[in-house]
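K.L.:
Provide a 3D model corresponding to the input given below.
(chains A and B)
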Amino acid sequence: MDVSEPAIRVEGLVRSFGRTQALRGLDLEVPPGTVTALLGPNGAGKTTLVRILATLIRPDRGTARILGRDVVREAFAVRSLIGLTGQYAALDELLTGRENLRLIGRLAHLGERRARARAEDLLHLVGIAEAAGRPVTTYSGGMRRRLDIAAGLMGSPAVLVLDEPTTGLDPRGRIEVWELIESLVRQGTTLLLTTQHLEEADRLADAIAVIDRGRIVASGTDEELKRRVGGEVLEVRLADAGQASRARAALEPMAAGPVRVEGALVSVPVRHPSGAVVHAVRRLDAAAVEAEDVALRRPTLDDVFLVLTGHAAGADPEPDVWRVA
Amino acid sequence: MSATFGPLERISWGLYDTAVLTWRNLLRVLRNPIYLVTEVVIQPVLFTLLFAYIFGGAIHISGASYLDFLMPGIFVQTTTFGSMNTAVGLAEDLEKGLMDRFRSLPVAYWAVPVGRVLADLVLDAFGLGLMVAVAYAIGFRFHGDAGQTLAAVGVVVLWGFSIACFGALLGVLLRRTSTVQAFGFVAMFPLTFASSTFVPVQTMPGWLRAFSSHSPITAVVDTVRHLVLDTPGGGSSTLAAVAWSLAVLAVSVPLAAYGFRRLTR
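P.N.:
As a prediction, the model looks like this:
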């Protein structure tokens, strides 16, 4: 394997399902030893990309390589290089956690001894050593997802792909999974993770690629992206929605991007959060606009999308291709 | 690594995958005690006892006891029903995303269905052994010599293998457990009952007899029955039984293989 090759290199990837274009010329590069988050709403093409990288489906056009190996022509070799954890925990519910991992280890052709040893190591790493002898049916959502991540790691893959690792988890489960991913990152695992949450990408990734309608529309570090988004968002809740346009006019001069109005809620991206609230209250007073509440919040995916694409998140529907290909 | 793979390495690699997955499928049954008791133990015993005692008093077969007549039919019916486990098992793996996990690993593409079929054959064999034991206890006997008895087992196993491969095709074709179960109920009951499984086809009305006497189930049951009862004239049904088994294999195996490859579209 060539060390100078990027862990993942995707060029001009196109894939349609019937008349739905899931990927429309997607380019992406993930250097070894780094964590890249693919940030985008439902239907942006994240899962389609992940399935192509894991050799589960083929692209219509374009190429994808894992450490220089083509996912179509060298699919068999790629399967030894990539570990996959999907949106739905792909575990055998009747078997125990330990049996699940050993099964994956054997199918990864580790050999019996290494499969057993690696299963024990990973059960400790993901924190389910104590429940290892229980069937998966008894596990919580967070435990299942952590076991699923361990399953993705069984074959010691060069690249681990996590498709929305925290979707569907309760807050506690999400934190458990985040902490696990952070410990993997510290060990230098090369990771591509998809997410709908900027907060998640921000917390876990070195680089963020924003995906919209089958294309990467922006990429960079979280700092670079947030600079483009304008840092934080000032939210003003008006006492009277009828005053929205006056509020918009009053706040526009301090905005670092487009101002959004939804009913009585006015969202203003601001570059310098310090003093922004005081500033806004003065401007609203001067314009005789009555505000019920003024607060700063961190930008969400919606804000990122509005700034980067000019339209709100949640675009084309993506077919449910994960379970039934 | 894969580039240097010769055909022999590839086959032994796939056989290892198959062994691992066969074991996994059997372990699942051991881990599911309700299924183990109801489907694997009680159902064959129940079928044997129910049919033997309910129909046994009403149906008279010339030259044989009804139990000896019935058991070959029950053997074949049980293995035929068993193919639905193959179909449901594969559909379940497809539905739950496990198939994706297996396919994202360096696993031979044919190992998943073959591992499923082999596990179901092991369960079939266990069920058949159990039925023979129960039937023996209430008076069933093999009337042929050891060679005929072995041949009878061989015909049942060959049919069981063929129909399990058909089950694998159904699983990858229908892809949902609920669809497979609906299909199984509608297809399997008429197929196994409209045959010589429980009664001689001569007793059926003409239109049904026309269907039943040409059914593969009838061919297989008649063959096994001739071997179990040691009656002459089993040649034509033997030919038909083997031909049907091979035909089902010849259709199911390539189509199922195509279906599994087509998962990667």
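
K.L.:
Name the next helix or strand following the helix or strand that contains B:Ala182 along the chain.
P.N.:
Element membership for B:Ala182 (DSSP states H and E) is helix B:177-193. Beyond helix B:177-193 on the C-terminal side, the first helix or strand identified by DSSP H and E is helix B:206-213.

K.L.:
roughly how far is that following helix from the heart of the chain?
P.N.:
Counting by C-alpha atoms, centre = their mean, to the nearest Å, helix B:206-213 is centred 23 Å from the centre of its parent chain.

K.L.:
Please report the average pLDDT across that helix, rounded to a whole number.
P.N.:
Per-residue pLDDT over helix B:206-213 has a mean of 89.

K.L.:
What angle do helix B:177-193 and it make with each other?
P.N.:
110 degrees (axes from the mean of the first three to the mean of the last three C-alpha atoms, to 10 degrees).

K.L.:
tell me which residues of helix B:206-213 are tucked away?
P.N.:
For helix B:206-213, the neighbour count (16 or more other C-beta atoms under 10 Å in any protein chain shown) marks B:212-213 as buried. All C-beta atoms are positioned from the backbone trio N, CA, C, and that covers glycine.

K.L.:
which outside residues touch it?
P.N.:
Contact with helix B:206-213 is made by B:194-196, B:201-202, B:204, B:218, as judged by C-beta atoms under 8 Å, 6 or more residues apart in numbering or on different chains.

K.L.:
and the next element down the chain from that helix?
P.N.:
helix B:216-229.

K.L.:
what's the following helix or strand after that following helix?
P.N.:
Downstream of helix B:216-229 (by DSSP H and E), the next one is helix B:235-262.

K.L.:
Say whether chain A is contacted by that next one.
P.N.:
No: for helix B:235-262, no contact with chain A is found by C-beta under 8 Å from any C-beta of the partner chain; the gap never falls below 9.1 Å.

K.L.:
what's around B:Gln202, how many residues?
P.N.:
The number of residues packed near B:Gln202 is 9, by other C-beta atoms under 10 Å in any protein chain shown.

K.L.:
hmm, I was thinking of A:Val71
P.N.:
26.

K.L.:
Run a quick check on it versus A:Val78, I expect a contact.
P.N.:
Yes: taking C-beta atoms under 8 Å as the definition, A:Val71 is a contact partner of A:Val78 at 5.1 Å.

K.L.:
any residues in contact with both of those two?
P.N.:
Common neighbours of A:Val71 and A:Val78 (C-beta under 8 Å, 6+ apart) are A:Thr55.

K.L.:
returning to what we had before: report the mean per-residue pLDDT for the helix holding B:Ala182.
P.N.:
Mean predicted confidence for helix B:177-193 is 89.

K.L.:
One more: stretch A:135-145?
P.N.:
93.

K.L.:
list the buried ones in it?
P.N.:
A:135-136, A:139, A:141-145.

K.L.:
Name the surrounding residues that touch it.
P.N.:
Contacts of stretch A:135-145 (C-beta under 8 Å, 6+ apart): A:85, A:89, A:91-97, A:100, A:128, A:131, A:147, A:165-166, A:168-170, A:172-174, A:176-177, B:31.

K.L.:
Go ahead and produce CSV holding the CA coordinates of that stretch.
P.N.:
In CSV, the C-alpha atoms belonging to stretch A:135-145 read as follows (Å, rounded to 0.1, in the frame of the first residue of the first chain):
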residue,chain,number,x,y,z
PRO,A,135,-27.4,-11.0,23.8
VAL,A,136,-27.6,-7.7,21.8
THR,A,137,-31.4,-7.5,22.3
THR,A,138,-30.7,-6.4,25.9
TYR,A,139,-28.4,-3.5,24.9
SER,A,140,-29.4,0.2,25.0
GLY,A,141,-29.2,2.2,21.8
GLY,A,142,-25.9,3.7,22.7
MET,A,143,-24.4,0.3,23.5
ARG,A,144,-25.6,-1.1,20.2
ARG,A,145,-24.0,1.8,18.3
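
K.L.:
Off-centre distance for it?
P.N.:
22 Å.

K.L.:
picking up where we left off before, restricted to helices, list the buried residues of stretch A:135-145.
P.N.:
A:141-145 (DSSP state H).

K.L.:
Now distance to A:Glu223 too, for the residues you listed, in CSV please.
P.N.:
Listed next are these as CSV, based on distance: C-beta to C-beta, whole Å:
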residue, distance to A:Glu223
A:Gly141, 32
A:Gly142, 30
A:Met143, 34
A:Arg144, 34
A:Arg145, 29
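
K.L.:
now, which of those residues sits nearest A:Arg58?
P.N.:
A:Arg145 (27.6 Å; C-beta to C-beta).
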